[in-house]
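> task: produce atomic coordinates for the following.
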Amino acid sequence: MNLNKRLLTAFLLYTLTITIIYLGGIFIGLAIAGLCLVCFNEILNIKKINHHIFPKIIAYGLLLAILTTTFNTKLTLSIWSSPYIFLPTVLLLVLSLLELIRKKPLTFHSIFGTYSYTLFHLSLTIPVATLIRNQESGFIDALWIIAIVSTVDSCAYFSGKLIGKRKLSTISPNKTIEGSICGITAGIITGTSLIFLIGLPPFIYIPICLFISFTSPLGDLHESLIKRHFNVKDSSSILPGHGGIYDRLDGYIFTLPLFFYIKLFLEYLF
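Numbering: from 1, shown residues only. Okay, here's the model as predicted:
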């Protein structure tokens, strides 16, 4: 029954997602804004600090302000490709990797510090989806990313259930080495096949495919690290069979900014 719920919810989610991506423009902007606000609220719930109204309102305002910079294509390229955004994004990804290596999330002794890092963590990752879609090849790029991340996640989940024996990490006991290998391999095969099927530039997209396939599970592990630290199973119960919005978007935490900046760099080279 849980599997049926999971499959039905996934079908509805993908149908809605593809429709919004196809419409693009203000629709994708509003959708990402809504998702970011819900994710931010879910992370605060996980960290058990969701009852502080005043800092939450300030954080929501800052998050929305950051999101508006992704709505305009010209403004997007000038701001998000600048060192002022690129360097903090690299710092965020490095800090996230360090958290995974230490198997312990960064914790702060003040509400201000926790809110600031949570905002920092979210505002430089998920909003990148809007600026990716608003590029000339944005529709194809967005669907391509979703295809890879979804394949990695689904194949890792089902193959782990079928043949998984060795635990991947104590961070997430349900994940297995066998499942991760199958998921990453399936993601690479899917992404590479689509590159040649659609006719995308292989010198640009094949390296990105490898990065996305390998880093997508890191976002999932990072969320598991946070939930395990605060003894929470799901970020929320808003999606039957899947948990919360953050549970569904965690695989994009690393992949979205990596896609944007690696593609920007490779297009400059080629």
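> surely R248 and Y14 touch.
No. Using CB atoms under 8 Å, R248 and Y14 do not qualify as a contacting pair, with a distance of 10.5 Å. Placement of C-beta: from N, CA and C, glycine included.
> quick one, which of those two is more surrounded?
For R248 versus Y14, neighbours defined as other CB atoms under 10 Å are more numerous around R248 (21 against 12).
> just the CA trace of the helix or strand hosting the more buried one, in PDB.
Secondary-structure element containing R248, defined by DSSP states H and E: helix 245-249. C-alpha atoms of helix 245-249 as PDB (Å, rounded to 0.1, in the frame of the first residue of the first chain):
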ATOM      1  CA  ILE A 245       9.000  18.600   0.000                       C
ATOM      2  CA  TYR A 246      12.600  18.800   1.300                       C
ATOM      3  CA  ASP A 247      12.600  14.900   1.200                       C
ATOM      4  CA  ARG A 248      11.900  15.200  -2.600                       C
ATOM      5  CA  LEU A 249      14.300  18.100  -3.400                       C
END
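> show residues contacting the next helix or strand after it.
The C-terminal neighbour of helix 245-249 among helices and strands, as given by DSSP H and E, is helix 252-269. Helix 252-269 is touched from outside by 80-81, 86, 89, 93, 96, 121, 124-126, 128-129, 131-132, 141, 145, 148-149, 203-204, 207-208, 211-212, 215-216, 218-219, 222-223, with contacts defined as CB atoms under 8 Å, 6 or more residues apart in numbering.
> low-confidence regions, the stretch 51-200 of the chain specifically.
Within the stretch 51-200 of the chain, the segments meeting pLDDT under 70 span 72-76.
> what segments of it are helices?
Counting by DSSP state H, counting those that start in this stretch, residue ranges of the helices within the stretch 51-200 of the chain are 53-68, 73-80, 83-102, 111-123, 128-133, 138-163, 177-198.
> output the ones you listed as CSV; include the columns distance to L35 and mean neighbour count.
What follows is these, written out as CSV (distance: least, CB to CB, whole Å; neighbours: other CB atoms under 10 Å):
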stretch, distance to L35, mean neighbour count
helix 53-68, 10, 14
helix 73-80, 18, 14
helix 83-102, 18, 14
helix 111-123, 10, 18
helix 128-133, 8, 25
helix 138-163, 14, 19
helix 177-198, 22, 18
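> sorry, back to before: for the helix holding R248, which helices and strands make contact with it?
The contact analysis (3 or more CB pairs under 8 Å, 6 or more residues apart in numbering; DSSP states H and E) places helix 245-249 against helix 25-46.
> buried residues in the helix it packs on?
Residues of helix 25-46 classed as buried under the neighbour-count rule (16 or more other CB atoms under 10 Å) are 28-29, 31-33, 35-46.
> picking that back up, now render the helices of the stretch 51-200 of the chain as TSV, adding distance to I20.
Putting the helices of the stretch 51-200 of the chain into TSV (distance: least, CB to CB, whole Å) gives the following:
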stretch	distance to I20
helix 53-68	15
helix 73-80	18
helix 83-102	24
helix 111-123	19
helix 128-133	9
helix 138-163	10
helix 177-198	20
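> out of these, which comes closest to K227?
Proximity to K227 (CB to CB) singles out helix 83-102 among the helices of the stretch 51-200 of the chain, at 12.8 Å.
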